[in-house]
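*Asks:* I'd like to go over a predicted model; first the sequence, then the structure.
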Amino acid sequence: MRKAMLVLLCLVVFAGVGFSQQKTVYVMHGWPGQQAVAFAKVVQAFMEAYPDINVVTEIVGRDRPAILATRLAAGNPPDVSPIPWLGLMAEWARAGYLVPLDGLVDVSEQIPALTPLGYVDGKLYGTWQSANVKSLVWYNVKAFVEKGYQVPTTWDELIALCDRIVADGGVPWSIGLESGAASGWPGTDWIEDIMLRTAGPEVYDQWVNHEIPWTDPAVVEAWEKFGQIALNPAYVLGGPVGALTTNFGDAGAPLFTDPPQAYLLKQATFIQSFILNQKPDLVPGEDFAVFPFPPIDPKFGTPVLGGGDVSVVFNTGGPLNGTREEVITFVQFLSSVKAQEIWARELGEMAANKNIDPVATYPDPIARAAWQMLLTADSFRYDGSDLMPGAVGAGSFWQGVLDYVSGVPLKTVLDYIESTAVDAYGY
């Protein structure tokens, strides 16, 4: 009897081993709404292609940097997280929290302008999940036609258009700086785009790397140009208070009221999904369109500012050091044509894989044009706040935007950010 019980126990144990062969990948992301739905479809496509791998997704809010920091300190990070913060990626890589992906992930299909940004100190740590173009101004096509407004091609023409809209009794801009714990970030995009156009890409790089201080005249000029619009109560719907209290995702809606409450919105490609979610009857290219954020100094032309998400693999400890086959297989899939087309088609965001079919993936002319801008960019720079150390890029810079728009003197704002930058960079 005892012998029979032992045999039965062994059978149960071996059966349990057989049933536990499915491997699991743990992923954390912070995408809300439609982005979460789109990523779920990507995950579903992966699990259909790899039925022996289960993906468990954890969705957190925009305070994800703090949550990840806590999880890293506790030694229980997720396996994978798509993140926009390249500055944090560099910090984590140098601290040993991330797994180098050289030889594990092929990045040859990525858009060339993006690939170098996944490297830290010559090693690959981030593979691109998606990208976006930020140097865009959105407008109501029919309202422009009705009013006889022309798309501006220079900064001076843009200011002249603003003045004309005001003279006609309208408000030029809808600006939304509110984003919960991340409030302020939309204003950093303004300043970065202006900096590229007033100081040029090389000085922009020096600023991002803190090789020039935040009190440098080039930085001051960029903030002042931003203030020329954001601090003008006639230029912004609701004035500075309206900008501070409007959520970034809701800022497009005033362009499509009757009559329009505002005529212009500066935002990245991803905002199209928010616009269509709120106004599903609108037709891209017919009801709304985009134009490039115009040049300021002609010698710097019209650079492309962008952002996006890179997937990083955390060092989860143990002998495999985070390089479990199922984890690498999942990260490889995220960069594939199939995954990229699902993501881009669902959201209108920019695929990072250069081999996608743009016509099939982007049925509307706005997304196709933006993707072509990214693919052929001669002068492309990544979102500066996402390249900076987290204490600055996702901290004092965001807060500085809110303070400046609230009325705090610019010198006070920049002195504060500079003090935090000295601590964060160590110089």
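*Replies:* Looks like it arrived, so ask away.
*Asks:* Ranking helices and strands of this protein by mean pLDDT, which lands last?
*Replies:* Using mean pLDDT, DSSP states H and E, the weakest-scoring helix or strand in the chain turns out to be helix 2-19, at a mean of 36.
*Asks:* Of all the residues in the helix or strand that it is followed by, which ones are buried?
*Replies:* Next helix or strand after helix 2-19 toward the C-terminus (DSSP states H and E): strand 23-29. Buried positions in strand 23-29, judged by neighbour count with 16 or more other C-beta atoms under 10 Å: 23, 25-29. All C-beta spots, glycine's among them, are computed from the backbone N, C-alpha and C.
*Asks:* by contact count, what packs against strand 23-29?
*Replies:* helix 33-49, strand 53-59, helix 64-74, strand 80-83, helix 325-334 (3 or more C-beta pairs under 8 Å, 6 or more residues apart in numbering; DSSP states H and E).
*Asks:* Next, the buried residues of the second one.
*Replies:* For strand 53-59, burial by neighbour count (16+ other C-beta under 10 Å) applies to 53, 55, 57.
*Asks:* So the protein: which segments form each domain?
*Replies:* 23-133+307-379, 136-302+388-425 (automatic domain parsing).
*Asks:* rewinding a little: kindly reformat the buried residues of strand 53-59 as JSON lines containing distance to Asp423.
*Replies:* Listed next are the buried residues of strand 53-59 as JSON lines, based on distance: C-beta to C-beta, whole Å:
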{"residue": "Ile53", "distance to Asp423": "42"}
{"residue": "Val55", "distance to Asp423": "38"}
{"residue": "Thr57", "distance to Asp423": "35"}
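*Asks:* can you give me the strands in the stretch 251-400 of the chain?
*Replies:* 264-266, 288-292, 304-313, 380-382 (DSSP state E, counting those that start in this stretch).
*Asks:* Those: lowest mean pLDDT?
*Replies:* Least confident of the strands of the stretch 251-400 of the chain, judged by mean pLDDT, is strand 380-382 with a mean of 89.
*Asks:* Give me the distance from stretch 323-332 to the chain's centre.
*Replies:* 23 Å (C-alpha atoms, centre = their mean, to the nearest Å).
*Asks:* what's the average pLDDT for that stretch?
*Replies:* On average, stretch 323-332 scores 93.
*Asks:* mind showing which ranges of the stretch 251-400 of the chain have poor pLDDT?
*Replies:* The model of the stretch 251-400 of the chain has pLDDT under 70 over residues 318-322, 378.
*Asks:* how about stretch 23-32 as CSV, C-alpha atoms only?
*Replies:* Extracted in CSV, the C-alpha atoms of stretch 23-32 (Å, rounded to 0.1, in the frame of the first residue of the first chain):
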residue,chain,number,x,y,z
LYS,A,23,6.7,30.1,-19.4
THR,A,24,5.7,33.5,-18.2
VAL,A,25,6.9,37.0,-19.1
TYR,A,26,6.0,39.9,-16.7
VAL,A,27,5.5,43.3,-18.4
MET,A,28,4.8,46.7,-16.8
HIS,A,29,3.5,49.7,-18.8
GLY,A,30,1.8,52.9,-18.1
TRP,A,31,-0.3,53.4,-21.2
PRO,A,32,-3.9,54.6,-20.6
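*Asks:* got the contact list for it?
*Replies:* 36, 38-39, 43, 52-62, 64, 67-68, 78-82, 324-327, 330 (C-beta atoms under 8 Å, 6 or more residues apart in numbering).
*Asks:* Apply 6 Å and report the result again.
*Replies:* For stretch 23-32, the surrounding residues in contact (C-beta atoms under 6 Å, 6 or more residues apart in numbering) are 39, 53-58, 60, 62, 64, 78-82, 326-327, 330.
*Asks:* Stretch 139-148 now?
*Replies:* Residues contacting stretch 139-148 (C-beta under 6 Å, 6+ apart): 255, 260, 264, 288-289.
*Asks:* Also stretch 341-354?
*Replies:* Residues from elsewhere that reach stretch 341-354, judged by C-beta under 6 Å, 6+ apart: 38, 41-42, 109-111, 114, 128, 130-132, 269-270, 272-273, 337, 340, 356, 361, 367, 371, 374.
*Asks:* Over to that stretch now: how far is its first residue from its last?
*Replies:* 11 Å (C-alpha to C-alpha, to the nearest Å).
*Asks:* For that stretch, what is the distance to the chain centroid?
*Replies:* 13 Å.
*Asks:* and if you look at stretch 114-123?
*Replies:* 17 Å.
*Asks:* so where's the stretch 51-200 of the chain shaky on pLDDT?
*Replies:* For the stretch 51-200 of the chain (pLDDT under 70), the answer is none.
*Asks:* the helices in it, which residues?
*Replies:* 64-74, 86-94, 141-147, 155-167, 185-198 (DSSP state H, counting those that start in this stretch).
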